[in-house]
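Peer 1: What shape does this take:
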Amino acid sequence: MCLPNITSMIKSPPFPDTGQYMIQIDILRQPDTICVLKFCILTSKTFNGSCTTTIMLQPARTLTSRFITGGISNKTLLLEISTSNFQIHYSDTLIVHCKLEYFHELEHETTRMNLIPSSTVFSKDARYFENLIFDKEPKDEESIKFVVGREQYFVSKKLLWASKSSYFKNICRTHEQGREKNMTKELTSNELQTFKQILLYIITGSVKQCDYDMLKKLLTAADKYDVLALKLTCEHYLLRSLTIENAVELVQLASSCNAKFLEVHSANFIKFHTKEITNTKEC
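Peer 2: Numbering: from 1, shown residues only. Below you'll find the model as predicted:
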């Protein structure tokens with residue numbers, strides 16, 4: 001891709017073979033010939049997954065790269081760069097490389113009720129009343145201030161509602177304007193860290209890179225607070241760490257969190273490696 005002098009937008013050819021996606025580059029010109037380039041994905045269908053966008057300068061010099069994960073929808077921002085930061089000129093040719101990964105969901109209407117956290121109990125009448133009266137997206141731009149330890153997070157009600165979490169939807173319904181939601185006394189020190197990660201996921205739509213132990217805690221918390229997209233993301237990341245040594249642990253964790261995707265794939269892994277896993281336990 002060469003930077004044009006006239007146009008303010010460039011679109012890539014559709015990809016892959018189905019032509020479902022395109023990359024749109026918006027060129028925002030500023031004084032002194034400085035440009036800001038915004039790379040967005042165009043898609044007709046929102047999906048859960050990840051995208052790694054890498055910008056290279058010919059012949060093969062990598063300028064920058066950004067990884068996002070979670071719900072990816074039309075015009076999701078993949079990357080933003082300034083020509084002044086990387087000394088890019090109009091005559092330069094940029095190479096844009098996007099790596100997409102899809103998180104396949106195992107869900108259907110008959111299992112939706114089982115995905116509600118075990119700590120949350122609804123009667124039939126209460127759910128019926130909730131669906132009729134309260135299940136409406138907030139119209140205002142009001143934010144809720146969460147106090148988590150020494151940190152504060154301002155999260156708009158629309159983002160909380162969009163998470164489709166029964167826990168955060170209930171907070172939106174019951175929150176009194178101007179009052180903060182102090183989580184410090186409600187949570188242990190370990191729970192404070194995972195709750196921060198949940199709020200950051202709701203705000204940014206992506207998961208900060210976590211180690212194996214944090215991912216296990218985050219999966220448990222995502223199940224507790226009914227953040228299904230985050231839960232599915234954690235399942236996929238944990239599957240990348242699946243080994244003979246931790247397969248039994250992960251299938252037990254998945255069962256306790258009702259994480260069907262992780263449970264099914266971990267169980268299949270155990271079936272194919274039963275002998276090796278048994279030998280490992282004996283050692």
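
Peer 1: Can you give me the domain boundaries for this structure?
Peer 2: Per the TED database, the structural domains of the chain span 7-102, 143-241.

Peer 1: Mean neighbour count, these: which tops it?
Peer 2: domain 143-241 (a mean of 17; mean count of other Cβ atoms under 10 Å). (C-beta placed from N, C-alpha, C; glycine too.)

Peer 1: gap between the two ends of that one?
Peer 2: Start and end residues of domain 143-241 are separated by 37 Å (Cα to Cα, to the nearest Å).

Peer 1: need the domains of the chain in TSV with distance to residue 274, can you?
Peer 2: Listed next are the domains of the chain as TSV, based on distance: least, Cβ to Cβ, whole Å:
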stretch	distance to residue 274
domain 7-102	29
domain 143-241	19
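
Peer 1: per-stretch mean pLDDT over those, give me the minimum one.
Peer 2: Lowest mean pLDDT within the domains of the chain: domain 7-102, at a mean of 81.

Peer 1: Give me the spatial nearest neighbour of residue 30, chain neighbours excluded.
Peer 2: Leaving out its chain neighbours, the residue that sits closest to residue 30 by Cβ to Cβ, 6 or more residues apart in numbering is residue 36, at 6.7 Å.

Peer 1: any idea how far the one you found lies from residue 61?
Peer 2: 20 Å (Cβ to Cβ, to the nearest Å).

Peer 1: again, but for residue 53
Peer 2: 16 Å.

Peer 1: Kindly report the same for residue 39.
Peer 2: According to Cβ to Cβ, residue 39 stands 17 Å off from residue 61.

Peer 1: got it, and residue 273?
Peer 2: Distance, residue 273 to residue 61, by Cβ to Cβ: 42 Å.

Peer 1: got it, and residue 19?
Peer 2: Counting by Cβ to Cβ, the gap from residue 19 to residue 61 is 30 Å.

Peer 1: now the helices for this protein?
Peer 2: For the chain, the helices defined by DSSP state H cover 83-86, 124-133, 157-162, 166-174, 189-204, 212-224, 228-240, 247-257, 260-272, 274-282.

Peer 1: Distance to residue 57 added to these, as JSON lines?
Peer 2: What follows is those, written out as JSON lines (distance: least, Cβ to Cβ, whole Å):
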{"stretch": "helix 83-86", "distance to residue 57": "8"}
{"stretch": "helix 124-133", "distance to residue 57": "54"}
{"stretch": "helix 157-162", "distance to residue 57": "36"}
{"stretch": "helix 166-174", "distance to residue 57": "43"}
{"stretch": "helix 189-204", "distance to residue 57": "28"}
{"stretch": "helix 212-224", "distance to residue 57": "35"}
{"stretch": "helix 228-240", "distance to residue 57": "30"}
{"stretch": "helix 247-257", "distance to residue 57": "41"}
{"stretch": "helix 260-272", "distance to residue 57": "39"}
{"stretch": "helix 274-282", "distance to residue 57": "46"}
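
Peer 1: Quick check: which of those helices is nearest to residue 99?
Peer 2: Minimum separation from residue 99 across these (Cβ to Cβ) falls at helix 228-240, 14.4 Å.

Peer 1: which helices and strands sit right next to that closest one?
Peer 2: strand 47-57, strand 61-72, helix 189-204, helix 212-224, helix 247-257, helix 260-272 (3 or more Cβ pairs under 8 Å, 6 or more residues apart in numbering; DSSP states H and E).

Peer 1: helices and strands around the last one, which ones?
Peer 2: Read that as helix 260-272. helix 228-240, helix 247-257.
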